[in-house]
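Q: fold the following, please.
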Amino acid sequence: MRLRVLVDQMVGKDGLLGEAGWSALLETPRGCLILDAGMGRVLEHNLRFLGIDPAKPDLGVLSHGHNDHARGFGLLYEMGFRGPLWMHAQAGSGHFAVTRGGEKQFVGADLNLEHRDVRTLDREPVEVLPRVWILPVPLEEREARWVPPDANLVRPVAGGGFEQDPMEDDLSLVVEGEEGWSVILGCAHAGVANILEAATKRFGMDRFHTVVGGMHLSHGSVSWLEALADHLAKRFRVERWLPGHCTGFQAALVLASRFDRVDWAAAGHRWDL
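A: The predicted structure follows:
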């Protein structure tokens with residue numbers, strides 16, 4: 001299996017474009033999928049630059065309903081993608097962020113999915129390709145201390161007002177590749193430690209070859225990041241970390257202080273899994 005980053009804030013190859021979003025292409029012997037599609041500003045350029053047919057993916061997976069992961073799917077359909085799109089049943093719920101001025105800004109994605117093959121899951125993993133599963137982490141299985149802190153993410157409540165958004169719709173991919181078990185993240189709003197815990201609980205692995213993707217750690221304090229990294233190093237055996245997107249450089253540096261193999265998952269980079 002091979003994973004290639006299509007969209008990230010950083011680019012690892014001259015000629016590609018970056019944006020505040022995330023998208024990755026997973027190629028397997030039995031099929032191909034695209035995880036997320038970014039904001040839609042650079043996806044077409046990067047696909048064509050890399051020589052990837054937009055119709056190549058057999059299916060799409062939306063890691064959660066934020067626009068920097070979801071909006072590009074509208075463009076992808078226009079470019080010829082015709083596969084089913086998997087997402088959490090709550091992905092369409094209202095996602096808002098609090099601006100610096102205190103206003104509530106909609107950060108979901110108004111996708112026109114009429115006449116599209118949309119498939120949803122809720123609490124249990126689904127195998128969407130041989131040895132490739134979508135993994136949800138139910139709210140009650142998330143250890144609160146490892147959920148990334150971000151008070152700016154809110155959702156509307158019945159009767160008016162807003163509350164903290166628990167990001168119930170957060171999904172990741174679990175892959176059993178030739179190199180071993182790997183986890184591909186979107187934003188890891190459930191908490192990367194909670195996601196790895198859920199994977200070990202459901203699949204029984206005792207180590208991971210690669211953990212790659214956004215980890216939403218840029219809002220964490222240094223002390224919290226260090227506690228998280230210590231927990232990850234003690235609890236899980238991970239051969240390679242490839243943080244990207246919303247992880248934050250400070251968090252990547254803390255990971256690099258605990259693990260030997262840490263590199264940024266920039267657009268254009270690819271790895272065998």
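
Q: quick one: classify the residue of the chain most remote from its centre as helix, strand or coil.
A: For the chain, the C-alpha farthest from the mean C-alpha position belongs to residue 159; by CA atoms, centre = their mean, that distance is 31.6 Å. Reduced to three states with DSSP: H, G, I helix; E, B strand; the rest coil, the structure at residue 159 is coil.

Q: distance check, it against residue 153.
A: Look at residue 159 and residue 153: by CB to CB, to the nearest Å, they are 20 Å apart. For glycine as for every other residue, the C-beta is placed from the backbone atoms N, C-alpha and C.

Q: same check on residue 38?
A: Plainly put, residue 38 is 19 Å away from residue 153 if you go by CB to CB.

Q: residue 219 now?
A: From residue 219 over to residue 153 the distance is 10 Å, taken as CB to CB.

Q: with neighbour numbers in mind, choose between those two.
A: residue 153 (21 against 15; other CB atoms under 10 Å).

Q: could you pull out the helices for the stretch 151-273 of the chain?
A: Remark: helices of the stretch 151-273 of the chain, listed N- to C-terminal, are 192-203, 222-235, 249-258; assignment by DSSP state H, counting those that start in this stretch.

Q: would you turn those into TSV with mean pLDDT and distance to residue 109?
A: Supplementary listing: the helices of the stretch 151-273 of the chain in TSV, determined by pLDDT from 0 to 100; distance: least, CB to CB, whole Å:
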stretch	mean pLDDT	distance to residue 109
helix 192-203	98	22
helix 222-235	97	29
helix 249-258	96	25
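
Q: out of the ones you listed, nearest to residue 122?
A: Go through the helices of the stretch 151-273 of the chain one by one with CB to CB and the one that ends up closest to residue 122 is helix 192-203, at 13.8 Å.

Q: run through who's touching that closest one.
A: For helix 192-203, the external contacting residues (CB atoms under 8 Å, 6 or more residues apart in numbering) are 125, 133, 135, 137, 141-143, 146-147, 172, 174, 176, 181, 183, 185, 188, 190, 205-206, 208, 211, 215, 217, 228, 231-232, 235-236, 238.

Q: which of the residues in that helix are buried?
A: By neighbour count with 16 or more other CB atoms under 10 Å, helix 192-203 contains the buried residues 192, 193, 194, 195, 196, 197, 198, 199, 200.

Q: so of those, which two are at opposite extremes in space?
A: 192 and 200 (12.8 Å).

Q: list the contacts of the residue nearest to residue 134 when sequence neighbours are not counted.
A: Beyond its immediate neighbours in the sequence, the residue positioned closest to residue 134 (CB to CB, 6 or more residues apart in numbering) is residue 126, lying 5.0 Å away. Residue 126 makes contact with 86, 133, 134, according to CB under 8 Å, 6+ apart.

Q: so the last one sits in a strand?
A: Yes. Per three-state DSSP, residue 134 lies within a strand segment.

Q: hang on, it packs against residue 173?
A: Yes. Taking CB atoms under 8 Å as the definition, residue 134 is a contact partner of residue 173 at 6.3 Å.

Q: need the overlap of contacts for the two.
A: Counting by CB under 8 Å, 6+ apart, the shared contacts of residue 134 and residue 173 are residue 61.

Q: identify the residues contacting stretch 232-244?
A: With CB under 8 Å, 6+ apart as the contact definition, stretch 232-244 has outside contacts at 5, 8-10, 22, 180, 192-193, 196-197, 200, 206-215, 217, 251-252, 255, 258-259, 261-266, 269, 271.
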